[in-house]
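> Predicted model and sequence below, questions to follow.
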Amino acid sequence: VKIIRSIPKMQEYARALKKQKRSIGLVPTMGALHAGHISLIRQARKDNAKVVVSIFVNPIQFGPQEDFKKYPRVFAQDAKICRHEGVDIIFYPSVKDMYKNNYRTYVFVEKLSQNLCGAFRPGHFQGVATAVNKLFNIAQPDRAYFGQKDAQQAVIIKKMAEDLNMPVEIKVMPTVRANNGLALSSRNAYLSEGARQDAALIYEALDLARSLIKKGDYKTADIIGAMQKLISKNKNIKIQYLLIVDLKDLKPIYRIKSGVLIAIAAFIGELRLIDNIVVDRKGRFISV
Ligand code: PAF
């Protein structure tokens, strides 16, 4: 695996591949790679001649009170994983190269960025969309890979690529889970063993929603009520939001008629976790 830190060098490499008509798959990450990232890398490996993994803890997507400073940074370990997975390039830019002193340009996907997590993390999705747009312009991927765990992020990035005519295919891969159902996340590193066990209830609640839909229960207020009741059994978990929304505009719906995103954000102690499932009217898993 080759490590490229310079933006112009990365662009030069991408340009050379384009000339040879060889495809590029980009897996944008903030590092602390886990099995979820690995599933993205493996899909990218299957689909493309070359695989680029970017590792960049993007400061502009963190709020002032959020964990930018303490976000796990484990480059040596990440590089080892990339080497093992046959990644061609790790793109590892610095913050000051990505955002020069006179940096002024942001990408904002309206409406979709303002509800769900957006309501609680103002500026977050603008930070994500801006960084991802920059990474696309730098690595010039034919395809880019994101995890469904961040479903709202995936919907926003797809919309950005569509609206701005970006010549890249956005692929969203299923959430990878631990044995107890907990969705893998780099932030799980912050969880104690006890908290990790508490967190399993979040997926249990999503699974309960799915079984209710399978039985033909389409009233979202009932489903949400049942989920809240289940989660309230554990006093260590505090729900921030629990919503059933339309897949296109991410607006809450009252009766399930087609595919829906069931999304939850909850605190376990100080740590905020998010999870979701995307299902059709029969309760079958579908993609965002
Ligand atoms: O999902 C992430 O790790 C980040 O939000 C991303 C897409 C790399 C943008 O910084």
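Sure thing, it's come through.
> residues near residue 168, how many?
Residue 168 sits with 18 neighbouring residues when counted by other Cβ atoms under 10 Å. In this view, the C-beta of every residue, glycine as well, is placed from N, C-alpha and C.
> surely it meets residue 143?
Yes: Residue 168 is within contact range of residue 143, at 6.6 Å (criterion: Cβ atoms under 8 Å).
> Need the overlap of contacts for the two.
Common contacts of residue 168 and residue 143 (Cβ atoms under 8 Å, 6 or more residues apart in numbering): residue 26.
> Would you mind listing what in the chain touches the ligand?
28, 29, 30, 58, 61, 128, 131, 132, 150, 153 (Cβ under 6 Å from any ligand atom).
> Considering those, which is situated nearest to residue 264?
Nearest to residue 264 among these: residue 150, at 13.0 Å, using Cβ to Cβ.
> residues contacting that closest one?
By Cβ under 8 Å, 6+ apart, the neighbours of residue 150 are residue 274.
> ok, now which ones touch the residue nearest to residue 107 when sequence neighbours are not counted?
Leaving aside its chain neighbours, residue 107 sits nearest to residue 129 (4.2 Å; criterion: Cβ to Cβ, 6 or more residues apart in numbering). Contacts for residue 129 (Cβ under 8 Å, 6+ apart) come out as 106, 107, 108, 109, 113, 156, 157, 160.
> ok, now residue 268?
191, 195, 198, 199, 236, 237, 238.
> Okay, and which of the residues you listed map to strands?
237, 238 (DSSP state E).
> any idea which of the contacts of residue 268 has the most stuff around it?
residue 199 (25 neighbours).
> Next, work out how far apart the residue lying closest to that one once chain neighbours are set aside and the ligand are.
Spatial nearest neighbour of residue 199, excluding adjacent residues (Cβ to Cβ, 6+ apart): residue 182 at 4.9 Å. Per Cβ to the nearest ligand atom, to the nearest Å, residue 182 is found 17 Å from the ligand.
> Residue 182: neighbour count?
Residue 182, neighbours per other Cβ under 10 Å, totals 21.
> That one is in contact with residue 204, isn't it?
No: using Cβ under 8 Å, residue 182 is not in contact with residue 204, being 10.2 Å away.
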